[in-house]
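Asks: let's see this in three dimensions:
(chains A and B)
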There are 2 protein chains.
Amino acid sequence: MKNNFSNDKQQVPPSGGFRGAFALLLAGGIGSRFWPVSTEEFPKQFHDLLGAGQTLLQKTFSRINKIIPAENILILTNSRYKSLVLEQLPQLSENQLVLEPAMRNTAPCILLSALKIQKQNPDALMLIAPSDHWIEDETAFRKNIETAFENCQNNDALMTLGIQPTFPNTGYGYIEYDKNTLSEIKKVKQFREKPDYETAKTFLSQGNFLWNAGIFIWSVKSITSAFRSYLPNMYELFEKGIPLLNTPGEESFIENNYAAAENISIDYGILEKASNVFTLPAVFDWNDLGTWGSLYEKLPKDEQKNAVVRAKTLLIDSHNNIIQTETGKKVVVCDLSDYIIVDHQNTLLIFPKKREQDIKQVSTVIK
Amino acid sequence: MKNNFSNDKQQVPPSGGFRGAFALLLAGGIGSRFWPVSTEEFPKQFHDLLGAGQTLLQKTFSRINKIIPAENILILTNSRYKSLVLEQLPQLSENQLVLEPAMRNTAPCILLSALKIQKQNPDALMLIAPSDHWIEDETAFRKNIETAFENCQNNDALMTLGIQPTFPNTGYGYIEYDKNTLSEIKKVKQFREKPDYETAKTFLSQGNFLWNAGIFIWSVKSITSAFRSYLPNMYELFEKGIPLLNTPGEESFIENNYAAAENISIDYGILEKASNVFTLPAVFDWNDLGTWGSLYEKLPKDEQKNAVVRAKTLLIDSHNNIIQTETGKKVVVCDLSDYIIVDHQNTLLIFPKKREQDIKQVSTVIK
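Replies: Predicted structure coming up:
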């Protein structure tokens, strides 16, 4: 069946022993705090921000592909990025793309993908992950995913990977888990929205709070069942399209129905309501690469603690800068420290790291 | 005579009434303090540093051409810049170029040019001027030049235009004139080399010191006579080539003899020795555009005193910067003041104005 993103081979992943393990990589964001590199036309996940020779999407795909066969990896993105995705991941067939015709947050696209996968394999397991995060230790990552898959194969559980917080970050949501759980997999008490600084400090001191990194694991059975319970209208809307999924009729069904779905996140729509939510504390080092400053943290530094991507630099009395250009650009900086210096195509940005949150706003003014 | 840079028309300049007024524009420098825009391959005078739609050479040529016919304007430059000059001043014939085969400071090229002109017109007057300075009031400039021409037509005088100093600049040579001269044209007492700051302050307080801007006026008769007296070896070297000047044999004569000339400036070789040296205080506003900072002084500013050439800027809490890019580049700067920001081709420079003198050294390191 040509229009089918799956085939027999996928049902036996190369390792791990999980029949029907699938992944959905979220690649529809804009990343406007990474302006001027990241733009609506060419967002963050499609760039080689680390100067690693691979874009963030390619790196993420390659990491996931060590656990899940390529044919079982779906990419969720906006219709306008279809050709970018296929260019960067030429091994994909078009059927592995889930193209949102409208921005509707995470719940609708997760349900749609789960239904597509379920139609292929009612026993499938599903990993959902952002395409633009930094994860260094791939073995540790794989270990976490396999633990979660095993749990979701045997239990009706909705799982997240939680990141051990290293400082009271006010930019992330937190997962509060039950202190009394002795096992590695923790029962989630509640999801907590981005806290203020004082609240974040109390979270850290309590010891049972993790950062919500947007990495989810469940069986298609458990997640579709949760949608039926907590977002029944959305379930009904998409349920009537099941006969068309993975067929040539899928595209027009999505086109005609997707925008009618509620604009709601999976966290808010499902996870905060369900009682079978669990978290597994991550054992790998993670960074959301949310800002130039967080990218700076993960890049190698010179003796003056400057992080340089691709530029040829002469840095005089200058420290703690992040400097990113296209290949081979010469950059001379004197008497400047703690700045973000980015030269990308027709735009130059010189911005203090401590005001990096303002870059998002700049990007809208400049457009 | 094809190989002749002159013709009958030139003998009657369009105005001013000076028979045989010629100019020699000096366009052989490197301007390495304007790196990365100015380079050995493409020096300062060939750039539109002001964003005025004309290069400095073109602006200078156009200013001089209001006083002296185009055919009487010679350009002194290095052989390697021949095609650059002809591209920027397509109205020139090749015979108007004096191409130095070797760097020999100002005396040799001035003598050579004077002999070429003298062979054309023994009564010619001659203006010598740098090609890369800024002069705003062209009418005032013209008035000064005409006063000097008139004096040199009637007297055996070697003249300079002196610039009224506005601050104790230690980067220029000074002209000390005789306080007792009542006329507009002052007798020069002596040339003074670049002073230290305290000396420069006493110069200014004395009131009879002018900046030496390298603008000279004399008759070919007076200057060749001075060379005969004060640099007789150089005169003899070039004298034997007079029959070849302005003929096809000129090029090989220069090629074979120029390097043998003494490496000496006109100031040191002639003007500091001659007794018939006079100066006319300039009535126009002048700037040598010697550094990014001096260019900054002459550019229009925004409300935050930023001077922007060609860039499209968004400047947040940033003051007193000079920002120069190629056409249409977008530049966003936040929390940065008193900097030189230059993006040129494959190079980006971010340098504090107060350390602008170090840019010359950077240019040699980067090469």
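Asks: can you tell me which helix in chain A is longest?
Replies: When chain A is parsed with DSSP state H, its longest helix is helix A:138-154.
Asks: please compute how far that helix lies from its chain's middle.
Replies: 17 Å (Cα atoms, centre = their mean, to the nearest Å).
Asks: now do stretch A:215-227
Replies: Chain-centre distance of stretch A:215-227: 17 Å, with Cα atoms, centre = their mean.
Asks: next: stretch A:241-258.
Replies: With Cα atoms, centre = their mean, you get 25 Å for stretch A:241-258.
Asks: dump that stretch to CSV, restricted to CA.
Replies: C-alpha atoms of stretch A:241-258 as CSV (Å, rounded to 0.1, in the frame of the first residue of the first chain):
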residue,chain,number,x,y,z
GLY,A,241,-11.5,10.4,9.6
ILE,A,242,-9.9,7.1,10.7
PRO,A,243,-11.0,5.3,7.5
LEU,A,244,-9.1,7.9,5.5
LEU,A,245,-5.9,7.9,7.6
ASN,A,246,-2.8,6.5,5.8
THR,A,247,-4.7,6.7,2.5
PRO,A,248,-4.8,9.3,-0.3
GLY,A,249,-7.9,10.8,1.4
GLU,A,250,-6.0,11.7,4.5
GLU,A,251,-4.7,15.0,3.3
SER,A,252,-8.1,16.5,2.4
PHE,A,253,-9.6,15.1,5.6
ILE,A,254,-6.9,17.0,7.6
GLU,A,255,-7.3,20.1,5.5
ASN,A,256,-11.1,20.2,6.1
ASN,A,257,-11.2,19.2,9.8
TYR,A,258,-7.9,20.1,11.5
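Asks: buried residues, that stretch. List them.
Replies: Across stretch A:241-258, burial judged by 16 or more other Cβ atoms under 10 Å in any protein chain shown covers A:241, A:244-246, A:250, A:253-254, A:257-258. All C-beta spots, glycine's among them, are computed from the backbone N, C-alpha and C.
Asks: which residues in the stretch 1-150 of chain A form helices?
Replies: Ranges of helices in the stretch 1-150 of chain A, per DSSP state H, counting those that start in this stretch, are A:56-65, A:82-88, A:106-120, A:138-154.
Asks: comparing the ones you listed, which comes out most buried?
Replies: Comparing the helices of the stretch 1-150 of chain A by mean neighbour count (mean count of other Cβ atoms under 10 Å in any protein chain shown), helix A:106-120 comes out on top with a mean of 23.
Asks: show me what counts as buried in the helix or strand harbouring A:Q361.
Replies: Here A:Q361 sits within helix A:359-366, counting by DSSP states H and E. Buried residues in helix A:359-366, counted by 16+ other Cβ under 10 Å: A:359, A:362-363.
Asks: do the same with stretch A:336-343
Replies: Neighbour-count burial for stretch A:336-343 flags A:336-343 (criterion: 16+ other Cβ under 10 Å).
Asks: of the buried residues of helix A:359-366, list those near chain B.
Replies: Restricting the buried residues of helix A:359-366 to those near chain B by Cβ under 8 Å from any Cβ of the partner chain leaves A:V362.
Asks: which SSE is immediately downstream of the lengthiest strand in chain A?
Replies: Using DSSP state E, we find that the single longest strand of chain A is strand A:209-219. Next helix or strand after strand A:209-219 toward the C-terminus (DSSP H and E): helix A:220-230.
Asks: other SSEs contacting that following helix?
Replies: Helices and strands touching helix A:220-230, by 3 or more Cβ pairs under 8 Å, 6 or more residues apart in numbering or on different chains; DSSP states H and E, are helix A:106-120, strand A:125-130, strand A:158-163, helix A:232-239.
Asks: what is the rounded mean pLDDT of stretch A:77-84?
Replies: Mean per-residue pLDDT for stretch A:77-84: 93.
Asks: do stretch A:137-157 as well
Replies: Confidence over stretch A:137-157 (mean pLDDT, whole number) is 95.
Asks: check the offset of it from the chain's centre.
Replies: Distance, stretch centre to chain centre, for stretch A:137-157: 17 Å (Cα atoms, centre = their mean).
Asks: nearest to B:T325 among the buried residues of stretch A:241-258?
Replies: Lowest distance from B:T325 to the buried residues of stretch A:241-258 (Cβ to Cβ) belongs to A:Y258, with 42.9 Å.
Asks: how near is that closest one to chain B?
Replies: 35 Å (Cβ to the nearest Cβ, to the nearest Å).
Asks: so that residue touches A:A102, yeah?
Replies: Yes: in this structure, A:Y258 is within contact of A:A102 by Cβ atoms under 8 Å, at 5.9 Å.
Asks: residues touching whichever residue of the stretch 1-150 of chain A sits closest to chain B, list them.
Replies: Residue of the stretch 1-150 of chain A nearest chain B, by Cβ to the nearest Cβ: A:P36 (7.4 Å). By Cβ atoms under 8 Å, 6 or more residues apart in numbering or on different chains, the contact set of A:P36 is A:342, A:344-345, A:347-349, A:363, A:366, B:330, B:332.
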